[in-house]
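Enquirer: Sequence first, predicted model second:
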Amino acid sequence: MANPLIGIFRIKELRERILFTVLMLVIFRVGTVLPIPGVNVRELNAYFLSQQNSGNAIVDYLDFFAGGAFSNFSIFMLGIMPYISMSIIMQLLLIVFPSLKKISQEDGGRKKIQTYQRYGTVVVCLIQSFAVTQYAQNISRSVENLLSMNIVPFTLIAMLTVTVGTLFLMWMGEQITRRGIGNGISLLIFAGIVARLPDAIWELIGRVRQGNLNLVFVVVVLVIFVAVVALVVFEQQGQRKIPVNYAKRVVGRRMSGMGNTYIPFKINPSGVIPVIFASSILTFPLQIASTIGGNVAWLATLSQILTPRGPLYNILYVLLIIFFAYFYTQVSLNPIEIAKNIRDNGGSIPGIRSERIEEYLTKILNRIVLPGSLYLALIAVIPTFIQWAFKFPSSISYLMGGTSLLILVGVDLDTMSQVEGLLKMHHHEGLTKKGRLQGRNL
């Protein structure tokens, strides 16, 4: 039992959870290569290969979050992003409409909100799937024999297939969270990014051999890659400890009390959630504009302006990351509720009056969240910098920096922390002999 990896598979509960998670991820990867009915796969692959050689940043960007399913026109081509987009919309609605928030706080209210969120996901999927069918029609004008059926039946079947595919991914994510290891939705995105890494590395080697990329630039980018991974791990583990003293109380003949403890405020309390939320919000209009842009002039213009390489996109991306960092921190770490719990349990923060605990905690969170959100935004725009400075193709730069690193490192740390928690619960040593893994709420 000295080897923790052997100990993982000797524990029945942990072994079953890991195998279930692997099975779900295998099904997800199989679904990314199953095309929707009515599409000629050979002609489609030839078209996207020509687009790849000429550079298509929008397709590479949409493929990044769908795990390569978008360019395959597979049943999972929308990925899990419609569900994430609807989650953001629902969180905002809970703040805007007090009546909706009241429903969520009632008995069984959480299930009602989840039901509304699923219905909303269907609506978002139908809108995005219709845009996809229009995109396929635009491609069919330049590629013969791309569609094997008429437009109307293809549109209906494609919309139904892609919508069901996203709903199935949503169900898979919930099952992984409940019966597997880690956060299911984040793991699906994680699996899509990891699956594309071998192709990206092979493409990078091929471009170096052909002389299209300078070997010195590749070495510099790899050094940046390693440095950013180390910085992400360091930043995710950092925290600010707020000391809390609890007064001892006499209960019967015994004296009880929690004593002295602390509240751990992470430097980046929201983890990679702001990056995923910001990407999801920008993906929705970008996909609509890029897929229907061939038929509508102003959407074509919007698609060109919102290109992932453009300045407007990156400015909006940074602002949305900062916004969602503050927004999600306020939702998950509400200073008013924390202060109320401290006072109700007879606690106090040294040097802070009881009535000013909320103000103090809010001030601390604001000081922590601002540099943390700027740090996330800086890492998220690294792919754009790599493309601009080193002339890397977008398909490689998206996978070797920025958002992909944040998601890969963040989800990996969270999953490892859950595995370590289960190991220790069964009286085994953790995955690391030195230090301690700290999970995050993804």
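Expert: Received it, and whenever you're ready, just let me know what you need. Residues are numbered from 1 along each chain as shown.
Enquirer: Name the residues of the helix or strand containing residue 187 that are buried.
Expert: Element membership for residue 187, per DSSP states H and E: helix 184-210. By 16 or more other Cβ atoms under 10 Å, the buried positions in helix 184-210 come out as 184-196, 200, 203-204, 207. All C-beta atoms are positioned from the backbone trio N, CA, C, and that covers glycine.
Enquirer: Name the next helix or strand following that helix along the chain.
Expert: helix 215-237.
Enquirer: and the next helix or strand after that following helix, what other elements does it pack with?
Expert: With elements assigned by DSSP H and E, the helix or strand that comes after helix 215-237 is strand 239-246. Packing partners of strand 239-246 (3 or more Cβ pairs under 8 Å, 6 or more residues apart in numbering; DSSP states H and E): strand 260-266, strand 347-348, helix 357-380.
Enquirer: mean confidence for the last one?
Expert: Per-residue pLDDT values across helix 357-380 average out to 84.
Enquirer: Now the following helix or strand past that helix: buried residues?
Expert: Moving toward the C-terminus from helix 357-380, the next helix or strand (DSSP H and E) is helix 382-390. Neighbour counts using 16+ other Cβ under 10 Å place 382-387, 390 of helix 382-390 among the buried residues.
Enquirer: What residues sit buried inside stretch 65-78?
Expert: Buried, per 16+ other Cβ under 10 Å, within stretch 65-78: 65-78.
Enquirer: Which ones among the residues you listed lie within helices?
Expert: 65-66 (DSSP state H).
Enquirer: nearest to residue 353, of the buried residues of stretch 65-78?
Expert: Checking the buried residues of stretch 65-78 against residue 353 with Cβ to Cβ, the nearest one is residue 65 at 47.2 Å.
Enquirer: quick one: contacts for the closest one?
Expert: With contacts taken as Cβ atoms under 8 Å, 6 or more residues apart in numbering, residue 65 has the following neighbours: 79, 81, 189, 192, 279-280, 283.
Enquirer: try 7 Å
Expert: The contact partners of residue 65, by Cβ atoms under 7 Å, 6 or more residues apart in numbering, come to 79, 81, 189, 192, 279, 283.
Enquirer: Please apply the same query to residue 204.
Expert: 218, 396.
Enquirer: Please repeat the previous calculation with a cut-off of 8 Å.
Expert: By Cβ under 8 Å, 6+ apart, the contact set of residue 204 is 213, 218, 396.
Enquirer: Turn those residues into TSV, columns for neighbour count.
Expert: Compiled in TSV, those are given as follows (neighbours: other Cβ atoms under 10 Å):
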residue	neighbour count
213	21
218	18
396	25
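Enquirer: just the contacts of residue 65 now: which is nearest residue 305?
Expert: residue 283 (15.3 Å).
Enquirer: Report the contact partners of the closest one.
Expert: 61-62, 65, 81, 85.
Enquirer: What is the burial count for residue 288?
Expert: For residue 288, the neighbour count with other Cβ atoms under 10 Å is 21.
Enquirer: same check, this time on residue 299
Expert: 18.
Enquirer: Kindly state the pLDDT recorded for it?
Expert: pLDDT at residue 299 comes out at 71.
Enquirer: Go through the helix or strand where it lies and flag the buried ones.
Expert: Using DSSP H and E, residue 299 falls within helix 297-305. Residues of helix 297-305 classed as buried by neighbour count (16+ other Cβ under 10 Å): 299, 302-303.
Enquirer: Which strands or helices does that helix pack on?
Expert: Right, helix 297-305 is packed against helix 273-292 by 3+ Cβ pairs under 8 Å, 6+ apart.
Enquirer: Would you confirm that residue 384 contacts residue 314?
Expert: Yes: with contact defined as Cβ atoms under 8 Å, residue 384 reaches residue 314; the gap is 5.5 Å.
Enquirer: what do the two both touch?
Expert: Counting by Cβ under 8 Å, 6+ apart, the residues touching both residue 384 and residue 314 are residue 308.
Enquirer: What angle do helix 215-237 and the helix holding residue 187 make with each other?
Expert: Calculated by axes from the mean of the first three to the mean of the last three Cα atoms, to 10 degrees, helix 184-210 forms an angle of 160 degrees with helix 215-237.
Enquirer: starting at the chain centroid, how far to helix 184-210?
Expert: With Cα atoms, centre = their mean, to the nearest Å as the basis, helix 184-210 stands 16 Å off its chain's centre.
Enquirer: again, but for stretch 26-35
Expert: Distance, centroid of stretch 26-35 to centroid of chain: 19 Å (Cα atoms, centre = their mean).
Enquirer: ok so, going back, mark which of the contacts of residue 283 are part of helices, please.
Expert: 61-62, 65, 81, 85.
Enquirer: related to what we said a few turns ago, I'd like to know which of the contacts of residue 283 are buried.
Expert: Here, 16+ other Cβ under 10 Å leaves 61-62, 65, 81, 85 buried among the contacts of residue 283.
Enquirer: would a markdown table of those residues with distance to residue 418 and pLDDT be doable?
Expert: Formatted as a markdown table, these follow (distance: Cβ to Cβ, whole Å; pLDDT from 0 to 100):
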| residue | distance to residue 418 | pLDDT |
| --- | --- | --- |
| 61 | 30 | 72 |
| 62 | 30 | 75 |
| 65 | 23 | 73 |
| 81 | 24 | 85 |
| 85 | 26 | 83 |
